[in-house]
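K.L.:
give me a 3D structure for the following:
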Amino acid sequence: MKLRLGTTDIGWRRYIGLWTIVVVVFAVQRYQQDALSGHTWDATDYLRWSMIQWYTWAALAPAVFELAARYPVIGVTRLRELFRPIAASIAVTLLSLFIGALVSAPFEPSSFAEQFRQFLGQHFATGLLTYWSLFAIQQALQFREEKNRREIEASRMAAELAQSRLQSLKSQLQPHFLFNTLHAIATLLKEDTLSAEDMLLRLSDLLRAFLEDYDGQEVSLRRELVLLDLYLGIQGMRFKDRLAIRIYVAPDTLDCAVPSLILQPIVENAIHHGISERVGSDIIEIESRREGDLLCIEVRNRNSTLENGEGRRTHKGHGVGLSNTQLRLQELYGEAGKVRLDMLWPEGVACRIHLPFRRIEDMDDSPEIDSV
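P.N.:
Residues are numbered from 1 along each chain as shown. A predicted model of the protein is given here:
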C-alpha cells in the first residue's frame, strides 16, 4: 500500500521508516542534552516523548501537503495573501501540540492542561519549523513534477514540429515530380502515343507506391531503389538511347535506413542539369557503400557542370531537390546527415549524401535489387 502526499506516492513502510529515523535522532539528541546537564531519565522515556511528538507530525503530514498545495506562497504578490498559509501553519502546529498533550497525559503525573502548557512552551517553535519544512518539501516536489511535465510537453511538441516539417518537405516532392512527368507525357503524346501510354502506366505504379509509403519518413535502401526504378523507367522511355543508368550497390547497404524519396529528386536534378539541357547522351551512376559508421550514397552524371558561364563554381539552379534533401537530412539526423555537390573530371557532377549507417526492418514485398 502507498500513501498519497500531494501528488507524490510513497510506500507506508518507507514513510514510517523515515519518521522512525527522525524519532530516534531527536530522542538521542535530547538524551545527550540532559546528560550534559548531569540529569537524565530512563531511555524509554526519551523514546516515548520523541515518538509522541514526531509520529503526530507523521499523521499530520498529508494534511500539511494538502494545505501547501491549496495555499502556495509562490506567486504571492500581496502581503494579505500570506494570511492563509501563516494561519494554517499556526493552526496545524497547535493541533499537533494538542494531540501530543492528549496522548502524553496518561503516561505523566500531571494533568492534560499542564501537559499542553509544557508542549506549547517546548515544542511550538519546533512545530512551526516542522510545518514549514514539510511545506517546502511539498513545493519542491511540485516544482519538480511541473518541470518534468513541461520538459515532456516540450519534447512532444518538438517531435510533432519536426514530424510536421518532414511531412511538409516530403509532400513538396510529389507535385514537383508529378508536374515534370506529366509534362514529359504531354510531349510524348505528339511523338509516340504507345510510349506515352506506357509512361502513364508506370506513373500510376509510382504514384501508388508513393501513397502506400506516404506516412513513413524512412525506408530501406532496397525499397528506395525499387521506387527509383519506376521513375527511371519513365525517364528511360523519354530519353531512350540517350540515357544510360548504372547502379553500384554494396550488398551490406541494401537494408540500411534512408529517408524515403531521397534519391528521386537527386536523380531528377542530375537528368535535368545534364541530358535535358545539353546535347548528346548522358550516364547516370548511383552508388552506395559503407564508410565506417556512415552510409555514403552518390548520384553522378557525366554531362553537366557546376561552373557558370564565367568559369566560377555555383550550386544555384539545383532547385527543390538539393535544398529539400539538405533540410530533411538535418531534421532526421542533425549534424550526421550531410549532402554536397562536387565536380567530376573531365566533366560531370556528383551529389554525395552521408547519413548514419543503421539497418531497418522493411516489411514489404518489394522485388530484389541486384547489386553490382
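K.L.:
the nearest residue to Leu200 once chain neighbours are set aside: neighbouring residues, count only.
P.N.:
Sequence neighbours aside, Ile185 is the residue nearest to Leu200 in space, at 6.1 Å (criterion: C-beta to C-beta, 6 or more residues apart in numbering). Where you see a C-beta, it was placed from the backbone N, CA and C, and this is true even at glycine. Other residues near Ile185 number 20, with proximity taken as other C-beta atoms under 10 Å.
K.L.:
make 41 the starting number, not 1.
P.N.:
Fine by me, first position is 41 from now on; the one you just mentioned is Ile225.
K.L.:
which stretch of helix or strand covers Ile225?
P.N.:
Using DSSP states H and E, Ile225 falls within helix 152-231.
K.L.:
with Leu246 instead?
P.N.:
If you go by DSSP H and E, Leu246 is part of helix 233-252.
K.L.:
now that helix: mean pLDDT?
P.N.:
Mean per-residue pLDDT for helix 233-252: 74.
K.L.:
how close does Asn188 get to Ser195?
P.N.:
Asn188 is 11 Å from Ser195, where distance means C-beta to C-beta, to the nearest Å.
K.L.:
can I get the helix holding Leu246 as CSV, trimmed to CA atoms?
P.N.:
C-alpha atoms of helix 233-252 as CSV (Å, rounded to 0.1, in the frame of the first residue of the first chain):
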residue,chain,number,x,y,z
THR,A,233,1.4,7.5,-78.4
LEU,A,234,2.2,4.0,-77.3
SER,A,235,5.2,5.2,-75.3
ALA,A,236,3.1,7.9,-73.7
GLU,A,237,0.5,5.3,-72.6
ASP,A,238,3.2,3.0,-71.2
MET,A,239,4.6,6.0,-69.3
LEU,A,240,1.2,6.7,-67.8
LEU,A,241,1.0,3.2,-66.5
ARG,A,242,4.4,3.5,-65.0
LEU,A,243,3.4,6.8,-63.4
SER,A,244,0.3,5.1,-62.0
ASP,A,245,2.5,2.4,-60.4
LEU,A,246,4.9,5.0,-59.0
LEU,A,247,2.1,7.2,-57.5
ARG,A,248,0.6,4.1,-55.9
ALA,A,249,4.0,3.3,-54.3
PHE,A,250,4.2,6.9,-53.1
LEU,A,251,0.8,6.7,-51.5
GLU,A,252,1.5,3.4,-49.8
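K.L.:
ok now it, how far from the chain's centre?
P.N.:
Between the centre of helix 233-252 and the centre of its chain there are 38 Å (C-alpha atoms, centre = their mean, to the nearest Å).
K.L.:
swap in stretch 99-114?
P.N.:
34 Å.
K.L.:
and the contacts of that stretch?
P.N.:
Applying C-beta atoms under 8 Å, 6 or more residues apart in numbering, the external contacts of stretch 99-114 come out as 43-47, 122, 124-125, 128, 132, 135-136, 139, 171, 174-175, 178-179, 182.
K.L.:
ok, now with 7 Å
P.N.:
By C-beta atoms under 7 Å, 6 or more residues apart in numbering, the residues outside stretch 99-114 that reach it are 43-46, 122, 124-125, 128, 132, 135-136, 171, 174-175, 178-179, 182.
K.L.:
pLDDT of it, averaged?
P.N.:
Averaging pLDDT along stretch 99-114 gives 86.
K.L.:
same check, this time on stretch 280-297
P.N.:
The average pLDDT within stretch 280-297 is 91.
K.L.:
coming back round to it: could you say what helices and strands the helix holding Leu246 packs with?
P.N.:
helix 152-231, helix 261-279 (3 or more C-beta pairs under 7 Å, 6 or more residues apart in numbering; DSSP states H and E).
K.L.:
can I get these in TSV with distance to Val307?
P.N.:
Converted to TSV, the helices and strands packed on helix 233-252 look like this (distance: least, C-beta to C-beta, whole Å):
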stretch	distance to Val307
helix 152-231	10
helix 261-279	6
